[in-house]
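Q: Take this sequence and fold it.
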Amino acid sequence: MPECSFHPGVETEVSCMECGRYICPKDMKITPVGYKCPVCAKPARGQYIYIKPKQAFYGALAGLTVSFAGAWILSGFRLPFCLIGLFWGMAVGEAVRRGSGGHRGQAVALIGSACVVFGGLAGGLDLLGIGLGIAGVYSVLSWSFGK
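A: Alright, predicted model coming up:
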């Protein structure tokens, strides 16, 4: 009986629909065309990095909504905003990511950063808090930059 290509010693009879490698149940990825190995089932890089104008618009809309609402709520507390600016930026970054359909990358991070700047300035927040908000955006959206 053939062995798994990724786990030597594990017997299997299932092979990848795309490349034909033998895969065990730990490695099987269910796709519309059948089981694929982890290498073939991995989405293409461009699928999450390149963003269409409509997706950018929805991402910006979601980011601005969260940014303005968060800045308005936080400006009413009169606390040193810089202490929680990072978390505010992370929330804005996540809103932009979800609004754009799950996209990440430099363009989405720039949209999120612009949302933080506009929301922070409209809410009257300090520059340190806005800078930490931008850092929060990049911490949520930056996993794919160096690849």
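
Q: For the rest of this, base every contact and every neighbour count on C-alpha atoms.
A: OK.

Q: which intervals of this protein have sub-threshold pLDDT?
A: 44-49, 77-83, 143-147 (pLDDT under 70).

Q: Domain ranges for this protein, per the record?
A: When the chain is parsed with automatic domain parsing, its domains come out as 1-42, 46-141.

Q: In a strand, Tyr35, correct?
A: Yes - per DSSP: H, G, I helix; E, B strand; the rest coil, Tyr35 lies within a strand segment.

Q: Quick check: the gap between it and Pro43.
A: From Tyr35 across to Pro43, the span is 14 Å (Cα to Cα, to the nearest Å).

Q: now do Tyr50
A: 13 Å.

Q: can you give me the end-to-end distance of stretch 43-59?
A: One end of stretch 43-59 to the other measures 21 Å (Cα to Cα).

Q: and what of stretch 16-31?
A: Counting by Cα to Cα, you get 11 Å between the two ends of stretch 16-31.

Q: Neighbour count: Tyr50 and Pro43, which is higher?
A: Tyr50 (16 against 10; other Cα atoms under 10 Å).

Q: Could you identify the longest helix within the chain?
A: helix 53-75 (DSSP state H).

Q: what residues does that one touch?
A: By Cα atoms under 8 Å, 6 or more residues apart in numbering, the surrounding residues in contact with helix 53-75 are 81, 88-89, 91-93, 95-101, 108, 111-112, 115-116, 118-120, 122-125.

Q: Of the residues you listed, just the buried ones, ChimeraX syntax please.
A: Buried members of these, defined by 16 or more other Cα atoms under 10 Å, are picked up in ChimeraX with:
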select :81,88,89,91,92,93,95,96,97,98,99,100,108,111,112,115,116,118,119,120,123,125
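
Q: about what we covered before: and the next element down the chain from the longest helix of the chain?
A: Remark: after helix 53-75, the chain's next helix or strand is helix 85-99, criterion DSSP states H and E.

Q: Quick one: name whatever helix or strand follows that following helix.
A: Taking DSSP H and E, what comes next after helix 85-99 is helix 106-122.

Q: What lies in contact with that next one?
A: 49, 51, 56, 59-60, 63-64, 67-68, 71, 89, 92-93, 96-97, 126, 130, 133-134, 137-138, 141-142, 145.
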